[in-house]
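Peer 1: okay, predicted coordinates and the sequence, questions at the end:
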Amino acid sequence: MFTLRIAKVVRHSEKIATIYFNKKISSYPGQFVMLNLFGYEEIPLSLSSPNSVTVKAVGETTRALLDGNFRYIGIRGAFGRPFTISDRALLIAGGIGIAPLKYLYDFLKSRGYEAELVYGAKSVGELIWIEEFENAKFATEDGSFGVKGTVLDLLRDRNYDYYSRIYCCGKEEMMRKVYRLLKAKNCLNKAEFSLERYMRCGIGVCGSCVLKNGLRVCKDGPVFKAENLEGIL
């Protein structure tokens with residue numbers, strides 16, 4: 001574990017914030033870190049850039065992070081299997097699942113690749129970085145921004161032959177629906193999903209994040225090819 005200083009905390013809403021570190025972590029889009037906020041439980045968090053994590057306050061540690069009362073954090077990682085980089089990409093995000101996809105989007109754009117985003121949430125208050133995506137469509141369940149509905153409403157009529165890679169991250173219920181849609185469109189072979197599970201070690205030893213098929217989210221993921229998720233999603 002190494003220690004980093006918190007450079008700044010940017011609040012996107014009451015429950016969502018991005019914590020920026022004073023140094024970049026050697027990593028690739030899709031990887032995660034084990035973050036230790038001293039005095040609290042160590043937790044896994046996806047990187048939203050080489051020097052940031054974006055979190056939603058859902059537990060004691062994440063609430064403490066958002067309070068902004070800490071100057072230093074402990075980090076292990078980056079760990080895990082990242083996204084496969086491709087030149088014509090469709091990114092599908094739900095809620096806080098935008099975090100690793102923001103890193104991926106910026107990475108792809110910096111290399112001159114095409115990156116299109118479809119992003120949904122319950123309301124506009126849960127959408128972040130809206131102004132930072134050049135080629136994006138949005139959906140909110142309450143109709144407060146973009147199309148009234150879900151990401152599925154933005155995905156049904158697309159030409160999936162155009163994309164060389166499709167990436168998805170969000171709540172598992174949403175990803176399950178996207179998985180079924182892509183299967184019906186015969187394009188699962190180009191899809192990757194980023195999963196989230198409770199982790200204790202982050203390096204494939206403890207077994208706390210093992211899926212039903214025996215794969216470990218921390219070591220074999222968190223990014224999985226869709227073909228490896230039959231029966232999981």
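Peer 2: Done, it's in. Residues are numbered from 1 along each chain as shown.
Peer 1: please make it C-alpha for all contacts and neighbour counts, starting now.
Peer 2: Will do.
Peer 1: around the closest residue to Ser164 other than its chain neighbours, how many other residues sit close by?
Peer 2: Distances taken as CA to CA, 6 or more residues apart in numbering place Arg88 nearest to Ser164, at 5.2 Å, with adjacent residues excluded. For Arg88, the count of nearby residues is 15 (other CA atoms under 10 Å).
Peer 1: thought Gly112 was touching Arg88, still the case?
Peer 2: No. Using CA atoms under 8 Å, Arg88 is not in contact with Gly112, being 10.1 Å away.
Peer 1: residues contacting the residue nearest the centre of the chain?
Peer 2: Central residue of the chain (CA atoms, centre = their mean): Pro100, 3.3 Å from the mean position. Counting by CA atoms under 8 Å, 6 or more residues apart in numbering, Pro100 makes contact with 29-31, 46-49, 169.
Peer 1: give me the residues contacting the longest strand anywhere in the chain.
Peer 2: Ranked by residue count and defined by DSSP state E, the top strand of the chain is strand 2-11. Strand 2-11 has contacts (CA under 8 Å, 6+ apart) with 17-23, 66, 68, 70-76.
Peer 1: pull out the buried members of those residues.
Peer 2: With neighbours counted by 16 or more other CA atoms under 10 Å, the contacts of strand 2-11 contain buried members at 17-21, 66, 72-76.
Peer 1: find the least confident helix or strand in the protein, judged by mean pLDDT.
Peer 2: Lowest by mean pLDDT, DSSP states H and E among the helices and strands of the chain is helix 60-67, with a mean of 88.
Peer 1: which helices and strands sit right next to it?
Peer 2: If contacts are counted by 3 or more CA pairs under 8 Å, 6 or more residues apart in numbering; DSSP states H and E, helix 60-67 sits against strand 16-21, strand 52-56.
Peer 1: may I see the buried residues of it?
Peer 2: 61-62, 65-66.
Peer 1: again with stretch 129-147
Peer 2: Quick answer for stretch 129-147 (16+ other CA under 10 Å): 136-141, 145-147.
Peer 1: got the CA coordinates for that stretch in CSV?
Peer 2: Extracted as CSV, the C-alpha positions of stretch 129-147 are listed here (Å, rounded to 0.1, in the frame of the first residue of the first chain):
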residue,chain,number,x,y,z
TRP,A,129,-20.1,15.2,-16.5
ILE,A,130,-23.0,16.0,-18.9
GLU,A,131,-21.1,18.8,-20.6
GLU,A,132,-17.9,16.8,-21.0
PHE,A,133,-19.2,14.2,-23.5
GLU,A,134,-19.2,15.3,-27.2
ASN,A,135,-21.1,12.4,-28.6
ALA,A,136,-23.7,11.3,-26.1
LYS,A,137,-27.4,10.6,-25.6
PHE,A,138,-29.0,10.7,-22.2
ALA,A,139,-32.1,9.1,-20.6
THR,A,140,-33.8,9.7,-17.2
GLU,A,141,-36.6,7.7,-15.7
ASP,A,142,-38.4,10.8,-14.6
GLY,A,143,-37.8,12.7,-17.8
SER,A,144,-35.8,15.5,-16.1
PHE,A,145,-33.1,15.3,-18.8
GLY,A,146,-32.8,13.8,-22.2
VAL,A,147,-35.2,11.0,-23.2
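Peer 1: perfect, that will be all.
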